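1. Predicted structure and sequence below. I'll ask about it afterward.
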Amino acid sequence: MKAKAVLHLKGREPQSVYNLGGRVHTSMDAAKETFPDADPTMEAFGTEITKLDTSIKAKDGSKIKAQAVIDQTDIVYNMLGLLVFYVNKVADGDMAIILLSGFDCNNEPSERDIPEKAVIKRLEDGSVACSVKIFMDALTDADRYKVEITTTPDDSKSWKTVLDFGGLKKLEIRDLVALQKIYIRVSGGNTHGWGVSSEPMAFVPR
């Protein structure tokens with residue numbers, strides 16, 4: 001059986017579509033000699049991926065913004081479908097070329113799902129002054145955790161990553177400002193990307 005590029009997506013979950021789109025765009029853009037006439041172009045594809053990222057981050061519970069995410073997810077998903085067709089035409093069954101594109105092969109194990117939305121169970125004072133320990137249940141398919149903090153949770157650009165690729169038992173942040181109220185969110189990830197962040201939880205370091 002010839003190797004074939006496939007979309008290993010169980011549905012059109014926005015973050016999963018965005019993660020796969022980003023991976024394919026990065027891979028194919030870096031291999032332009034192999035994929036010289038990509039249809040759609042990498043420029044056009046990159047523009048729509050950026051729009052999807054922006055719409056996901058802009059979600060605030062309103063129906064209009066939720067619909068915007070759905071619509072943009074459909075655009076990126078459909079472009080991925082066109083690119084799968086293009087890559088299979090170029091590769092003609094060559095697994096190496098398919099994997100170079102960022103897509104998965106039909107005769108390779110299906111990729112793990114992007115982890116589900118994280119949920120913080122509780123926050124407690126950490127092992128030293130001005131630190132916080134984060135408690136949460138393990139997420140299916142997650143082998144790393146990312147912690148972000150801010151003092152202005154409504155400003156999407158204000159979130160700062162303070163712990164990346166952390167283990168579940170070591171989710172502790174130190175060197176915080178005493179008595180300065182902060183907001184914390186966590187997301188789980190694996191080699192294919194990061195899942196949806198938890199709802200922000202407030203904490204005052206002591």
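-> Thanks, I have the structure now.
2. Which positions within stretch 127-145 qualify as buried?
-> When neighbours are counted by 16 or more other Cβ atoms under 10 Å, the buried residues of stretch 127-145 are found to be 130, 131, 132, 134, 136, 139, 141, 142, 144, 145. All C-beta atoms are positioned from the backbone trio N, CA, C, and that covers glycine.
3. Let me see the contact set for the fifth one.
-> Read it as residue 136. Residues in contact with residue 136 (Cβ atoms under 8 Å, 6 or more residues apart in numbering) are 118, 119, 120, 121, 168, 171, 186, 198.
4. distance of the last one from residue 187?
-> With distances defined as Cβ to Cβ, to the nearest Å, the gap from residue 198 to residue 187 amounts to 7 Å.
5. what is in contact with these two at once?
-> Residues touching both residue 198 and residue 187 (Cβ under 8 Å, 6+ apart) are residue 118.
6. Low-confidence stretches in this protein?
-> The model of the chain has pLDDT under 70 over residues 1, 10, 107-113, 191-192.
7. now for the lengthiest helix in it, which elements pack on it?
-> Using DSSP state H to define each element, the chain has its longest helix at helix 63-91. Applying 3 or more Cβ pairs under 8 Å, 6 or more residues apart in numbering; DSSP states H and E, one finds that helix 63-91 contacts strand 5-6, helix 14-30, helix 42-58, helix 95-100.
8. Report the backbone C-alpha coordinates of the third one in PDB.
-> Just to be clear, that refers to helix 42-58. Coordinates of each C-alpha in helix 42-58 appear next as PDB, following Å, rounded to 0.1, in the frame of the first residue of the first chain:
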ATOM      1  CA  MET A  42       1.800  29.300   2.100                       C
ATOM      2  CA  GLU A  43       1.300  33.000   2.300                       C
ATOM      3  CA  ALA A  44      -2.500  32.700   2.000                       C
ATOM      4  CA  PHE A  45      -2.600  29.700   4.400                       C
ATOM      5  CA  GLY A  46      -0.500  31.500   7.000                       C
ATOM      6  CA  THR A  47      -2.800  34.500   6.900                       C
ATOM      7  CA  GLU A  48      -5.800  32.400   7.600                       C
ATOM      8  CA  ILE A  49      -4.000  30.500  10.400                       C
ATOM      9  CA  THR A  50      -3.100  33.800  12.000                       C
ATOM     10  CA  LYS A  51      -6.800  34.900  11.800                       C
ATOM     11  CA  LEU A  52      -7.900  31.700  13.500                       C
ATOM     12  CA  ASP A  53      -5.400  32.200  16.300                       C
ATOM     13  CA  THR A  54      -6.600  35.800  16.800                       C
ATOM     14  CA  SER A  55     -10.300  34.700  16.800                       C
ATOM     15  CA  ILE A  56      -9.600  31.900  19.400                       C
ATOM     16  CA  LYS A  57      -7.900  34.400  21.700                       C
ATOM     17  CA  ALA A  58     -10.700  36.900  21.300                       C
END
